[in-house]
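**Q** predicted coordinates and the sequence they were generated for:
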Amino acid sequence: MTKVGIIGAGAWGTALASVAHSAGCDVLIQAHEPDVAEAINTQHENTVFLPGVKLGPSIRATTDASEAAQADAVLLVMPAQHLRTVTSSLKETWPAGVPAVICAKGMEQETSALMSEVMADTLPGVTPAVLSGPTFAIEVANGLPTAVTLACADEAVATMLCDTLGTQRFRTYRSTDIVGAQLSGAVKNVLAIACGIVEGKGLGENARAALITRGLAEIARLGVTMGAHAESLMGLSGIGDLTLTCNAMQSRNFSLGVALGQGKALDEILAERRAVTEGVYTASSLTNLAGRLGVDMPICLAVDDVLNHFADIDATIKGLLARPYGEEDPLAKNNT
């Protein structure tokens, strides 16, 4: 694999373009916004979503997703809620045998579907892979050491993708658990909002550590119910990504939670942002899915209540703290 197409030129898509370029690939990135494509082509910089980071001059940009898909591997880096529309438009032009690497972290809001399930509807027959892990785009783009999970049911494809994208500064670890990689990446965004609220409310580091730990138990319960491998939830796409996202203002989800905890209104926070905060959309789909499967996820349910049902934050926190004591086993049915 020497030619990589990237669909989505936000901060993460741009950082991955830089990774693929560093790995020696010919890179074409698709931008939805014409001004972003022009800036990448003429200034070698994504001045909108990743300003200040110089890109390799051979990285080219286009506004045509079908053009970017004519590659040996295609990375899907658009916001999760746009994946169905974009991949549906590519069904007739997707090259035979080319895998799709899902880099969006979220669930489809209307259906609670994982991104691989959406892809199965829109690009049947295309091999899905998932790239996930603890990654801030700016650090990846600046060449700081990073490690990720690259999950694919086809181990040969996973190996080829790891070899294609991996560098000394961007270490790729194979997995066959695409369900676990996706669930962890989606749920951690919701938990990061909860951790941000804890920070914004000044509830302390003990509370945040407890929330992260009990949040991981919620991921484990849902993951095992859906067929994920419990051990993969302890890896880069699980505990690694959760730890990063729940502890830094660079995380859009964490910073949104901080603002909520400080008393700012959700609409006001979102109006100030151009980049998507995936946890806002995932919260409702996640709690609907958990409800259908009978999985207890009280932290995620509390976040959904705050975001989508106008629940009072202080009353919601009080309700969580009043829950009955339970055993620590993360897979116990009701124990958060």
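**A** Right, received. Where do you want to start?

**Q** burial count for the residue lying closest to Gly10 once chain neighbours are set aside?
**A** The shortest distance from Gly10 to any non-neighbouring residue, by CB to CB, 6 or more residues apart in numbering, is to Phe49 (4.8 Å). No exception for glycine: its C-beta is placed from N, CA and C like everyone else's. For Phe49, the neighbour count with other CB atoms under 10 Å is 21.

**Q** what's the average pLDDT for stretch 307-316?
**A** pLDDT averaged over stretch 307-316 equals 95, rounded to a whole number.

**Q** helix/strand/coil for the residue nearest to Gly10?
**A** Three-state assignment for Phe49 (DSSP: H, G, I helix; E, B strand; the rest coil): coil.

**Q** now for it: which residues touch it?
**A** Contacts for Phe49 (CB atoms under 8 Å, 6 or more residues apart in numbering) come out as Ala9, Gly10, Ala11, Thr14, Val36, Arg274, Ala275.

**Q** domain parsing for the chain?
**A** Per the record's domain assignment (automatic domain parsing), the chain is made up of the domains 3-176, 184-321.

**Q** and these as JSON lines, adding distance to Glu327?
**A** Written out in JSON lines, the entries for those read as follows (distance: least, CB to CB, whole Å):
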{"stretch": "domain 3-176", "distance to Glu327": "28"}
{"stretch": "domain 184-321", "distance to Glu327": "11"}
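
**Q** look up how far Gly133 lies from Thr245.
**A** Counting by CB to CB, to the nearest Å, the separation of Thr245 from Gly133 is 11 Å.

**Q** which other residues reach stretch 286-299?
**A** 107, 112, 186-187, 190-191, 194, 211, 214-215, 218, 221-222, 225-226, 300-301, 304, 320, 323, 333-336.

**Q** in the stretch 201-336 of the chain, which ranges drop under the pLDDT threshold?
**A** Within the stretch 201-336 of the chain, the set of residues satisfying pLDDT under 70 comprises 330-336.

**Q** how about a cut-off of 90?
**A** Across the stretch 201-336 of the chain, the stretches falling below the confidence threshold (pLDDT under 90) are 230-233, 273-276, 325-336.

**Q** residue ranges for the helices of it, please.
**A** With DSSP state H, counting those that start in this stretch, the ranges of helices along the stretch 201-336 of the chain come out as 205-225, 241-245, 252-261, 266-271, 278-293, 298-308, 313-321.

**Q** take those and lay them out in CSV including distance to Thr85 and mean neighbour count.
**A** Below are the helices of the stretch 201-336 of the chain laid out as CSV (distance: least, CB to CB, whole Å; neighbours: other CB atoms under 10 Å):
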stretch, distance to Thr85, mean neighbour count
helix 205-225, 26, 19
helix 241-245, 26, 22
helix 252-261, 22, 24
helix 266-271, 20, 12
helix 278-293, 14, 22
helix 298-308, 22, 22
helix 313-321, 33, 13
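
**Q** any chance of the ones you listed in TSV, with distance to Met234 too?
**A** Below are these laid out as TSV (distance: least, CB to CB, whole Å):
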stretch	distance to Met234
helix 205-225	9
helix 241-245	10
helix 252-261	21
helix 266-271	32
helix 278-293	20
helix 298-308	19
helix 313-321	24
